[in-house]
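Chemist: model the following, please.
(chains A, B, C and D)
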2 protein chains.
Amino acid sequence: MIETLIRKLERRDTLADFERRALVEAVGEVREYRPHEIVVRERTEQHNSHLLLEGYLCRYKDLRDGRRQIVALHVPGDFADLHSFLLKHLEHNLAALTPVRIAVFPHERLRTISERWPHLTRMLWFSTLLDAAIHRQWILSIGRRSAVGRIAHLFCELRARLEVVGLASEERYALPLTQIDIADATGLTPVHVNRMLRELRDRGLLEFRGGEVIITDNAGLARLAEFDPGYLYLQKQPR
Amino acid sequence: MIETLIRKLERRDTLADFERRALVEAVGEVREYRPHEIVVRERTEQHNSHLLLEGYLCRYKDLRDGRRQIVALHVPGDFADLHSFLLKHLEHNLAALTPVRIAVFPHERLRTISERWPHLTRMLWFSTLLDAAIHRQWILSIGRRSAVGRIAHLFCELRARLEVVGLASEERYALPLTQIDIADATGLTPVHVNRMLRELRDRGLLEFRGGEVIITDNAGLARLAEFDPGYLYLQKQPR
DNA sequence: CGGCGTCTTGAGAAAACTCAACTTCCGTGG
DNA sequence: CCACGGAAGTTGAGTTTTCTCAAGACGCCG
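Modeler: Residues are numbered from 1 along each chain as shown, chains lettered A, B, ... in the order given. The predicted structure is shown next:
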């Protein structure tokens, strides 16, 4: 059930049998949520962390005037709010963008792992460091890239992350988000996202429709986005 | 020598004597760097992490056309690249913005800590989660706030972070950065930063000159910035 | 079939950027 | 002690990018 997580971690370092077992034993119940449902509300004490099994989750923050910024998108295999294990509450909401299936990990069991299994602990720590590396890439994107560049980069990143867990081929993957979601993730307005998507289509780089991304010119897209997957730390090495 | 780190951690949870001792024993040499010197270069294998003792460090990424984005600013007490302990290399540069003093921690000794001291390990993990929370706040700022709002928020954040380690009073702190640095951190151009600083001054909120920030209207500044320090997780609790 | 959320397009406005010139500040060397 | 040079800061004018507002089309669910 937690194969995607295992797959994501084993892409970066080998796990021992007992470590895989420890992870499996740490799983509590499995829950499902509908689009727009909030999985974890900001500023409320947490006793569980959530592993995304299926669908898309996002973390977002609101501004007083109602504008919203998605600060992270999560794909299956992501331990979306593992950081609440030590932060104890979140400063943002965690919500479903599509129908999702989620595995719940009680903090108490994560604590046991952290007391008993140093290497597995480092791997979990690593996975939160990966989140941070992705955050930094988003800061660069939003801070310095043009609107098309940002969107192109996001689609490249999602392809790479989904590929790790076997959910994307070289040229396509499912992404049942709205243009509004893309706008909130890239710091743009929905109207402008719409125009930029048209531009990407007109340039023959990709199509985003019907909840699917079809990359028609991978090299051209990566060039436009200045995409380099180095920040996803895909090398397998002792950690 | 590592009092600022201790202070930062103990603000969030109690450390036992043996934990403080373990940290002290993990310190290697102390180094100094001049402004603009690179402490850690991207994509090079790392065997040490660096704790900032004095001065300001930044992490930045470059785009092909030469534009730069600072993805993190570090104040004394920050374990600037603790994440290289598990990432093994960085996807950005770590550089001095001012003259800095830095304590070097060999990864080997951090590994020993992670094998022996679960709670101290969690505290170090926590400190990297704090970095990520700050990254998320920057994503919100850069993605959705106006230029003045972004700058105002940055100055609020730095005040709060410096106060933790005793380097800021209610209304002032040393910040010997250039307007160019502020521009790179906020995703703006230096020219626009200059105009926005004038606006902040004209509105009687703060002055930034001579390497010092003087907050003349804390409440007004926080209101403009929509600043809420919740994301800095300043509560002391078991972690 | 109706209604609502999303997508699309146009037109005009606002925010931030670019370019350029000039000033100020500071450190260095004559 | 002063002159010089370079980096940083300041200001103006014009441009570009992105946003706002608004209207209409599309598509899916009840």
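Chemist: quick one: residues contacting residue A:88.
Modeler: By Cβ atoms under 8 Å, 6 or more residues apart in numbering or on different chains, the contact set of residue A:88 is A:45-46, B:233, B:235, B:237, B:239. Just so you know, the C-beta spots here come from the backbone N, C-alpha and C atoms, and that holds for glycine as well.
Chemist: closest one to residue B:98 out of those, please.
Modeler: residue B:233 (26.3 Å; Cβ to Cβ).
Chemist: report how many residues lie close to the closest one.
Modeler: 19 (other Cβ atoms under 10 Å in any protein chain shown).
Chemist: weed out the non-buried ones from the contacts of residue A:88.
Modeler: With neighbours counted by 16 or more other Cβ atoms under 10 Å in any protein chain shown, the contacts of residue A:88 contain buried members at A:46, B:233, B:239.
Chemist: pretty sure the last one contacts residue B:12?
Modeler: Same thing as residue B:239. Yes. Using Cβ atoms under 8 Å, residue B:239 is in contact with residue B:12, at 6.7 Å.
Chemist: what are the phi and psi values for the nearest residue to residue A:171 once chain neighbours are set aside?
Modeler: Distances taken as Cβ to Cβ, 6 or more residues apart in numbering or on different chains put residue A:215 closest to residue A:171, at 4.8 Å, once the chain neighbours are dropped. Note on residue A:215: its backbone torsions stand at phi -90, psi 120 [degrees, to the nearest 10].
Chemist: repeat that for residue A:191.
Modeler: Residue A:191 has phi and psi values of phi -60, psi -40 when expressed as degrees, to the nearest 10.
Chemist: centroid-nearest residue for chain A?
Modeler: By Cα atoms, centre = their mean, chain A has its centre lying nearest to residue A:74, at 2.4 Å.
Chemist: beta partners for that one?
Modeler: With DSSP bridges applied, residue A:74 shows beta-bridge pairing to residue A:57.
Chemist: give the contact list for it.
Modeler: A:52, A:56-59, A:80.
Chemist: ranking those residues by neighbours, who comes first?
Modeler: residue A:59 (26 neighbours).
Chemist: pretty sure that one contacts residue A:68?
Modeler: No. Using Cβ under 8 Å, residue A:59 is not in contact with residue A:68, being 11.1 Å away.
Chemist: pick out the residue in chain A sitting closest to DNA strand D.
Modeler: Proximity of chain A to DNA strand D (Cβ to the nearest atom of the strand) peaks at residue A:192, 3.2 Å away.
Chemist: what pLDDT does the model give the nearest residue to residue A:192 once chain neighbours are set aside?
Modeler: Sequence neighbours aside, residue A:147 is the residue nearest to residue A:192 in space, at 5.8 Å (criterion: Cβ to Cβ, 6+ apart). We have a pLDDT of 98 for residue A:147.
Chemist: likewise for residue A:1?
Modeler: pLDDT recorded at residue A:1 is 88.
Chemist: can you check the one 4 residues further on too?
Modeler: At residue A:5, the model reports a pLDDT of 98.
Chemist: circling back: next, give phi and psi for the residue of chain A closest to DNA strand D.
Modeler: Dihedral angles (degrees, to the nearest 10) for residue A:192: phi -70, psi -40.
Chemist: give me the pLDDT for it.
Modeler: pLDDT recorded at residue A:192 is 98.
Chemist: do residue A:62 as well
Modeler: Looking at residue A:62, its pLDDT stands at 96.
Chemist: chain A: helices as residue ranges?
Modeler: Counting by DSSP state H, chain A has these helices, from start to end: A:3-10, A:17-26, A:84-87, A:107-116, A:118-144, A:147-164, A:179-186, A:190-202, A:218-225.
Chemist: adding mean neighbour count, write these out as CSV.
Modeler: CSV is the format used below for the helices of chain A (neighbours: other Cβ atoms under 10 Å in any protein chain shown):
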stretch, mean neighbour count
helix A:3-10, 19
helix A:17-26, 15
helix A:84-87, 24
helix A:107-116, 17
helix A:118-144, 23
helix A:147-164, 22
helix A:179-186, 22
helix A:190-202, 15
helix A:218-225, 17
